[in-house]
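Visitor: sequence? don't have it. structure:
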C-alpha cells in the first residue's frame, strides 16, 4: 500500500534520529556534573549569531532552585499555550520518546532527568505537527529572549522561567553539550525542543531542531 501523502504541516518529531542516542549520557551534564559556556541571548540559526538584531532587554536575575516536584502543565503566555505535561522515557533508539500522536497537544518531559524548577537542565519535547495539523510546539520558534514560560508542579508551586536563548540547530552542527548541558552551574534551567528546518521525505524527519533555553526567575503558588 502506498504511503499516505503528508500535509503541508506534516512531520514527525525525533523519529529515531541517530544523534539523539547521546541523550542518556548527556543528562549527566543536565545534572550539573559540568557547566557549559553561557548561552547567547539572541536568536541564532545553527551556530551563527543573528547579526544585526537589536540587543534583548536586560533579563531578570536567576532565583534559587526549588526542590523536586513533578511537572503537570506548561504555560507559555506569549504563545497562548497551555499544555498538559506527560512523563516520558527513552525509546528503542535511546532517544527521548515524545507523547504519542494521539496526544499531540501534550508536552513530554524526560522523567529520568531533572525536574523543572530543580537545579540543572530539565528537558521537554513536543511535536511540531502531525500528519494533518499543527501540534503543541508548532509556534515554539516564535519565542524570543525575555519571554515567560511557566511550569505548574504537583507540589502546588509554579516555576516561572525566562527565555534567554532561542536557536535553530541543524543536525550537522548539533552541539549536544550546549543543548543538553546546564549553561550556568547552580541554576534551574529548562529546554524546550521541537523539529525545524525542512522535512526530508526519504528519512521521514526534519533537518533541524528549535531549541529554547530558559532559566528560573520566579516562583509562586
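Guide: Thanks, I have it. None of these values were measured; they are calculated from a predicted model.
Visitor: Name the surrounding residues that touch the helix or strand containing residue 108.
Guide: With the criterion set as DSSP states H and E, the secondary-structure element containing residue 108 is strand 107-110. With Cβ atoms under 8 Å, 6 or more residues apart in numbering as the test, strand 107-110 has contacts from 23, 27, 71, 74, 83-89, 96-99, 116, 122-126, 136-137, 192. To be clear about C-beta, it is placed using only N, CA and C from the backbone, and glycine gets the same treatment.
Visitor: Of those residues, select the buried ones using a PyMOL command.
Guide: The PyMOL selection below is limited to those of the contacts of strand 107-110 classed as buried (16 or more other Cβ atoms under 10 Å):
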select buried, resi 23+27+71+74+83+85+86+88+96+98+99+116+122+123+124+125+126+136+137+192
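Visitor: Just the ones of the contacts of strand 107-110 in strands?
Guide: Members of the contacts of strand 107-110 lying in strands (criterion: DSSP state E): 71, 74, 83-88, 122-125, 192.
Visitor: Among the residues you listed, find me the one that's closest to residue 103.
Guide: Here the nearest of the ones in strands among the contacts of strand 107-110 to residue 103, counting by Cβ to Cβ, is residue 86; it sits at 6.6 Å.
Visitor: Contact partners for that closest one?
Guide: 99, 103, 106, 107, 108, 109.
Visitor: do residue 219 as well
Guide: 63, 66, 117, 157, 158, 159, 160.
Visitor: Repeat the analysis, applying 10 Å as the threshold.
Guide: Contact analysis of residue 219 by Cβ atoms under 10 Å, 6 or more residues apart in numbering lists 63, 64, 65, 66, 117, 153, 157, 158, 159, 160, 188.
Visitor: Please read off the pLDDT at the residue nearest the centre of the chain from the model.
Guide: For the chain, the residue whose C-alpha lies nearest the mean C-alpha position (Cα atoms, centre = their mean) is residue 192; its distance is 1.4 Å. With respect to pLDDT, residue 192 scores 96.
Visitor: Next: residue 1.
Guide: Spelled out, the predicted local distance difference test score at residue 1 is 40.
Visitor: One more: residue 49?
Guide: Model confidence at residue 49, expressed as pLDDT, equals 36.
Visitor: now do residue 176
Guide: Residue 176 is assigned 70 on the pLDDT scale.
Visitor: May I ask which helix or strand of this structure has the lowest mean pLDDT?
Guide: The helix or strand of the chain with the poorest confidence is strand 48-49; it has a mean of 35 (mean pLDDT, DSSP states H and E).
Visitor: okay but residue 150 is in contact with residue 76, surely?
Guide: Yes: when contacts are counted by Cβ atoms under 10 Å, residue 150 is listed as touching residue 76 (7.6 Å).
Visitor: between those two, what contacts are shared?
Guide: Counting by Cβ under 10 Å, 6+ apart, the contacts common to residue 150 and residue 76 are 82, 161.
Visitor: Please identify which of the two sits among more neighbours.
Guide: More neighbours sit around residue 76 than around the other of residue 150 and residue 76, counting by other Cβ atoms under 10 Å; the figures are 25 against 17.
Visitor: Excluding chain neighbours, what is closest to residue 160?
Guide: Nearest non-adjacent residue to residue 160, counting by Cβ to Cβ, 6 or more residues apart in numbering: residue 218, 3.8 Å away.
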